[in-house]
Structure formats: C-alpha cells, structure tokens
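Participant: what follows is a predicted protein model with its sequence.
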Amino acid sequence: MALAQIPFTKLVEDTMLEVRENSSETAVERKYQRRVNDIYARDLPTKFDFGFMRAASSVTISAVYSTGTVSGTSASTTITGASTVWVTGHTGWKMKINGNDEVYTFTWTNATSGTLSPALTATIAASTTYVLFQDTYSLASDYDRLVIPPGFYYDYGGSKVQISEKFNKDWYKGWTASSTLLPVSYRVFGRDSTNLYWQVQFSPPITTGKKISYEYYPSLADMTEYTTGTCATTAGDATITGTSTDFTNNVAAGDAFRMDSRPNDWYLVSSITTATGLELTANYPSTISTAADYTICKVPKLPVGLHLALFYGACGLSCQDQDDDSSAKNFLSLYEKTVVQFKVSENRQKFGRQRMTVKDMYRR
C-alpha cells in the first residue's frame with residue numbers, strides 16, 4: 001500500500017540506495033538512521049519557527065502560604081511553626097521570615113516543623129510572621145523553546161495579559177519576596193533534577209493561585225524501528241499476528257508496518273491489541289505465513305510536504321561523509337529549497353491577490 005508519508009525505515013533505505021551504500025551491516029544502517037534523525041530531530045526544527053509545530057500548555061502558580069507564625073535558633077536548620085499546617089508539598093518552596101534578610105529553601109518534616117537551607121542567620125523569636133512561596137515550575141516534558149509572542153500569559157478581566165520576560169542578567173534587579181496579586185515577570189532557565197524538564201521562574205510571589213498559559217515549540221524524539229520476532233498476515237484481514245513480539249511496549253497507533261518480503265508495501269497501525277497482536281488501518285492484501293520478518297517504524301511527525309526534505313538532508317550529510325562535495329552541495333541545496341518552499345506555502349494567506357506574511361500578522 002502506498003502511503004503519502006515516508007516511514008523512517010524507508011527514508012533510511014532510500015538514502016542508502018541513493019548514495020550507493022550497499023552494506024547490510026548493523027553499524028552502517030545505524031549510521032544512516034542517525035543521519036535521518038539528525039535532520040529530523042535537530043536540524044529541521046531549527047530552520048524556521050514552523051506554525052504546525054506549536055504546542056500549548058500551562059502551569060498553575062501556587063498562592064503563598066503564611067498561616068501561623070515561626071520561631072528558630074541562630075545557626076540551626078530547624079524551623080518551628082505555631083498554628084501552621086505545613087504539608088509535604090511545601091518541600092522545595094522558599095521561605096522569607098519577617099525581619100530576616102535571607103530567603104531559605106524549606107523542607108517539610110511535619111505540620112509544625114521543617115528544615116531550612118542554609119541555616120538560620122539569626123534567632124527567630126516566637127510569633128514571627130513568615131511567607132512560604134513557590135516560584136519555580138517545570139515546563140512540558142517535550143519543551144524546546146518558547147513561542148514569542150505570546151510567551152507566558154494569563155486571563156484577566158476578559159483579556160489575555162502577557163508577562164514580561166527578564167533575561168538572567170536582569171532577573172534579580174527588582175526581585176522581591178513580597179507577594180502581589182499577579183505575576184510581573186518570568187525567566188526560563190535550567191532543568192529540574194528529577195526529570196530534567198526545563199523550568200520557568202515567576203516573580204513576585206502571588207496571593208491567589210493563577211493559571212499561566214504558554215505556547216512552545218516541542219523537541220522531536222528520534223525515530224526508531226522495531227523488528228523483534230516474526231509476523232504473519234492473512235489476505236483481506238487487517239489483523240497482524242506476531243510471534244515473540246512485544247507490540248504493547250514498542251509500537252503505537254500511527255506507526256508504519258510492512259512485511260519485509262514486500263519492502264515497499266507500508267500500512268499504518270490502527271491499534272495494538274496484545275503483545276502479539278495489532279490492527280492495521282487497511283486490510284493486508286496477501287497471506288504470509290508465520291516466522292516471516294517484518295518492520296514497524298515511526299513516521300515523521302511532520303506535514304508530508306517536509307518528508308522529502310528529510311531524504312535530501314540525509315543524502316547531503318552522507319555525501320559529505322563520502323567526500324562527494326558536488327553531490328552534497330546539490331542535495332543540501334534541495335533540502336534548503338524544499339524547506340523554504342514549505343514555509344512560504346505555510347505562511348501564505350490569500351485575500352484576492354494579496355498575501356499576508358508572518359511579519360504582517362503581527363502588525364494587526
């Protein structure tokens with residue numbers, strides 16, 4: 001079955017065929033897989049800010065917590081609360097104590113006790129007021145870079161209000177632990193230590209929880225293929241039966257399937273039923289007995305108009321490796337031309353004979 005999409009494995013095989021690479025060694029095939037992925041996941045997404053790649057998400061800024069009072073001893077890391085109801089979720093929040101210049105990192109022990117980092121710089125008398133706040137939040141797991149505009153924004157009074165970005169060198173100018181109704185500025189920085197997600201920091205702390213929305217360009221994961229075990233097909237049936245396969249953990253709907261004896265007949269996976277069973281989106285045309293080799297691979301998460309660009313780009317990288325500068329130049333030129341043509345088409349909005357560009361859109 002002919003697909004409009006070009007599956008990952010076909011891109012790799014077509015690239016090897018185009019540059020006359022006849023080796024079937026696993027190491028060589030992996031080299032060409034890497035080249036396709038280098039174009040797909042690392043080079044192409046940086047060429048332009050493609051509109052189709054935009055994703056949206058949000059974080060909810062927590063309200064400050066200041067119930068009760070605190071006390072503590074100089075040089076101690078223990079902070080004691082009175083009438084406080086601290087919870088484990090407060091771990092990692094920051095604490096600002098009235099009359100003390102330091103901003104501490106808080107770790108929960110129980111409802112009325114916790115530890116601070118660094119140690120207290122002075123004795124905190126009983127009944128001293130304080131504020132606990134969280135200003136740092138993890139972004140989406142696939143976050144790569146922010147769409148600006150709009151950046152980070154929130155709904156207020158029927159309008160969407162953008163939060164001002166501050167660069168790292170200016171972040172602490174005017175920074176304060178004093179809480180306000182709404183956030184004023186943000187910066188994107190670093191990754192958390194648990195999941196290595198990118199983080200955003202807001203200032204100042206706010207008195208009421210607030211949902212903050214943002215748009216971003218996601219990172220693309222490398223495409224992979226799965227070939228473990230064997231498969232069997234039945235003519236006129238969309239069911240694929242595997243032997244020694246683990247479709248459940250290695251295959252997803254939308255992946256591309258083929259029997260290797262029919263290398264150009266690709267079908268999309270509709271659903272995974274068991275570790276050894278899956279359904280295609282169309283009936284397979286012929287019966288192929290069990291113990292036959294197969295390939296399931298990812299399909300580029302790109303509009304079809306850009307799939308050919310992956311092929312040209314991978315060919316260009318391969319010709320460079322072969323010291324074929326002339327062919328490399330031609331393929332990379334075709335790669336750039338295909339990407340630019342797609343971008344022009346993506347940005348074109350027709351009003352009679354007029355065309356609106358991205359720059360024009362932001363003038364409205």
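Facilitator: Yep, it's here.
Participant: show me what contacts V87?
Facilitator: 108, 111 (Cβ atoms under 8 Å, 6 or more residues apart in numbering). The C-beta positions use only the backbone N, C-alpha and C, and glycine is treated the same way.
Participant: can you do 10 Å?
Facilitator: For V87, the contact set (Cβ atoms under 10 Å, 6 or more residues apart in numbering) comprises 65, 108, 110-111.
Participant: now render these as a markdown table, adding secondary structure, neighbour count and pLDDT.
Facilitator: Shown next, in a markdown table, are these (DSSP: H, G, I helix; E, B strand; the rest coil; neighbours: other Cβ atoms under 10 Å; pLDDT from 0 to 100):
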| residue | secondary structure | neighbour count | pLDDT |
| --- | --- | --- | --- |
| Y65 | strand | 21 | 98 |
| W108 | strand | 16 | 98 |
| N110 | strand | 11 | 98 |
| A111 | coil | 13 | 98 |
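Participant: list just the nearest of the residues you listed to E29.
Facilitator: W108 (51.3 Å; Cβ to Cβ).
Participant: can you give me the strands for the stretch 151-300 of the chain?
Facilitator: With DSSP state E, counting those that start in this stretch, the ranges of strands along the stretch 151-300 of the chain come out as 152-156, 159-162, 164-165, 185-191, 198-203, 210-218, 225-226, 230-233, 237-243, 256-259, 267-274, 277-284, 288-292, 294-297.
Participant: partner strands of the last one and their direction?
Facilitator: Under the criterion DSSP bridges, strand 294-297 sits next to strand 225-226 (antiparallel), strand 256-259 (antiparallel) in its sheet.
Participant: again, but for the fourth one
Facilitator: Neighbouring strands of strand 185-191 in its sheet, by DSSP bridges, are strand 164-165 (parallel), strand 198-203 (antiparallel).
Participant: domain assignment for the protein?
Facilitator: 69-133, 225-297 (automatic domain parsing).
Participant: return the distance of the last one from the chain's centre.
Facilitator: Going by Cα atoms, centre = their mean, to the nearest Å, the spacing between the C-alpha centre of domain 225-297 and its chain's C-alpha centre is 28 Å.
Participant: end-to-end on it?
Facilitator: 4 Å (Cα to Cα, to the nearest Å).
Participant: try stretch 181-190
Facilitator: 26 Å.
Participant: I'd like to know how many residues surround the nearest residue to S74 once chain neighbours are set aside.
Facilitator: Nearest non-adjacent residue to S74, counting by Cβ to Cβ, 6 or more residues apart in numbering: T123, 4.4 Å away. The local packing of T123 (other Cβ atoms under 10 Å) involves 13 other residues.
Participant: returning to that earlier point: single out the most deeply packed of the strands paired with strand 294-297.
Facilitator: strand 256-259 (a mean of 23; mean count of other Cβ atoms under 10 Å).
Participant: test my guess that T224 contacts V12.
Facilitator: No. Taking contacts as Cβ atoms under 10 Å, T224 lies outside contact range of V12: 11.1 Å.
Participant: higher neighbour count, the two?
Facilitator: V12 (25 against 14).
Participant: buried residues, the host helix or strand of the more buried one. List them.
Facilitator: Assigned by DSSP states H and E, V12 belongs to helix 8-18. Neighbour-count burial for helix 8-18 flags 8-16, 18 (criterion: 16 or more other Cβ atoms under 10 Å).
Participant: go on, stretch 59-68?
Facilitator: Quick answer for stretch 59-68 (16+ other Cβ under 10 Å): 59, 61-62, 64-66, 68.
Participant: and if you look at stretch 245-255?
Facilitator: Of the residues in stretch 245-255, those buried (16+ other Cβ under 10 Å) are 245, 247, 250-251, 255.
Participant: middle-most residue in the chain, spatially?
Facilitator: D142 (1.1 Å; Cα atoms, centre = their mean).
Participant: re earlier: would CSV of the strands of the stretch 151-300 of the chain with mean pLDDT and distance to V36 be doable?
Facilitator: Supplementary listing: the strands of the stretch 151-300 of the chain in CSV, determined by pLDDT from 0 to 100; distance: least, Cβ to Cβ, whole Å:
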stretch, mean pLDDT, distance to V36
strand 152-156, 96, 34
strand 159-162, 95, 38
strand 164-165, 94, 35
strand 185-191, 93, 27
strand 198-203, 96, 26
strand 210-218, 97, 19
strand 225-226, 98, 11
strand 230-233, 96, 24
strand 237-243, 96, 25
strand 256-259, 98, 14
strand 267-274, 98, 19
strand 277-284, 97, 24
strand 288-292, 88, 25
strand 294-297, 98, 11
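Participant: of all the ones you listed, which lies closest to N347?
Facilitator: That would be strand 210-218 among those, by Cβ to Cβ, at 15.9 Å.
Participant: longest helix anywhere in the protein?
Facilitator: Ordering each helix of the chain by length in residues (DSSP state H) puts helix 325-347 first.
Participant: thinking again about what came up before, between the buried residues of stretch 245-255, which is closest to Y32?
Facilitator: For those, the nearest to Y32 is D255 (19.5 Å; Cβ to Cβ).
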